[in-house]
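**Student:** Just to be clear, the model below is a prediction. Sequence and coordinates:
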Amino acid sequence: MLDANRSGTATASPRAAAVEQAVPTAVPAAVPVPRLPRTGFAARCTRAVLSPYARLCLLLALLAGAASCVLAFEPQRLLTHGWPPQLGGAAAAVVFAVAYGLCTVAFVPRPLLNLGAGALFGSQLGLATALTGTVLGAGVAFGLGRLLGQDALRPLLRGRWLKAADGQLSRHGFRSMLAARLFPGVPFWAANYCAAVSRMGWLPFLLATALGSIPNTAAYAVAGARASAPTSPAFLIAMASIAVPALAGTVVAWRKRHHLRDR
């Protein structure tokens, strides 16, 4: 209620004033400020560096540098000059396996490296060393291709043959890679990078590489170990083991050409 004072003005009663003070005033809610997209120079540089084509260019630069190093150091001289005398035993095998893997990434032909492994370490240790280097090199190439090249190259798989090969590798990874390793004809580095661009998993790729590379690698290792006796039965059997799978792979590829063309 309002009480009139002597001057004629109306004032609020004490009870009304108390009720008025008890009611809290509404505080407006804080309005979230939208975050603006980063459009600075650093952000643009980051997106450009991490773009698929920038990573593909980095992969090509790494491979070109590795190939240049191979041409400069000439690892094939190991076949004529032998292994450095300061390295021997297990240490030499480990160093050779690592060098083997890096050389395969740099497009050095595996037959040359397999012959060198057999000539330097004999049939058994040479086979183990060459297989270790094979799996190591395949894993490095697969990882580089998957990390730096897959995003840029997959949109380019538009041709019929490319789509057929990609579908085969993606759906039947272990079987396809095992066949590629068993039957020579497909370059080692090409199979590695094609598998990296596809949807093949790591485990099928490495397992198929290890198992499929045993016969061919063993044949070359034995041939390298028996190269000083080219008329020996072991050397002749090794050379036959190299020639027969190559011929079989050629026949299978010729018979499958129509199947791939019609897909």
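**Tutor:** Yep, that arrived.
**Student:** tell me the pLDDT at residue 102?
**Tutor:** Residue 102 is assigned a predicted lDDT (pLDDT) of 89.
**Student:** which helices and strands sit right next to the helix or strand hosting it?
**Tutor:** Assigned by DSSP states H and E, residue 102 belongs to helix 89-105. On a contact count with 3 or more Cβ pairs under 8 Å, 6 or more residues apart in numbering; DSSP states H and E, helix 89-105 meets helix 52-73, helix 110-144, helix 188-197. Heads up, the C-betas are built off the backbone N, CA and C, glycines and all.
**Student:** Counting by contacts, list what the last one packs against.
**Tutor:** For helix 188-197, the elements it packs on are helix 89-105, helix 110-144, helix 150-153, helix 160-171, helix 173-182, judged by 3+ Cβ pairs under 8 Å, 6+ apart.
**Student:** Tally up the residues packed near the closest residue to residue 232 other than its chain neighbours, please.
**Tutor:** In this structure, residue 232 finds its nearest non-sequential neighbour in residue 226, 5.4 Å apart by Cβ to Cβ, 6 or more residues apart in numbering. Per other Cβ atoms under 10 Å, the neighbour tally for residue 226 reads 22.
**Student:** do residue 123 as well
**Tutor:** Residue 123 has 18 neighbours, counted by other Cβ under 10 Å.
**Student:** Surely it touches residue 220?
**Tutor:** No - in this structure, residue 123 is not within contact of residue 220 by Cβ atoms under 8 Å, at 10.4 Å.
**Student:** what distance separates the start and the end of stretch 213-233?
**Tutor:** Start and end residues of stretch 213-233 are separated by 22 Å (Cα to Cα, to the nearest Å).
**Student:** Report the buried residues of that stretch.
**Tutor:** Neighbour-count burial for stretch 213-233 flags 213, 216-226 (criterion: 16 or more other Cβ atoms under 10 Å).
**Student:** how about the residues you listed in TSV, adding pLDDT and secondary structure?
**Tutor:** Output for the buried residues of stretch 213-233, formatted as TSV (pLDDT from 0 to 100; DSSP: H, G, I helix; E, B strand; the rest coil):
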residue	pLDDT	secondary structure
213	92	coil
216	89	helix
217	92	helix
218	92	helix
219	91	helix
220	91	helix
221	92	helix
222	92	helix
223	90	helix
224	87	helix
225	88	helix
226	87	coil
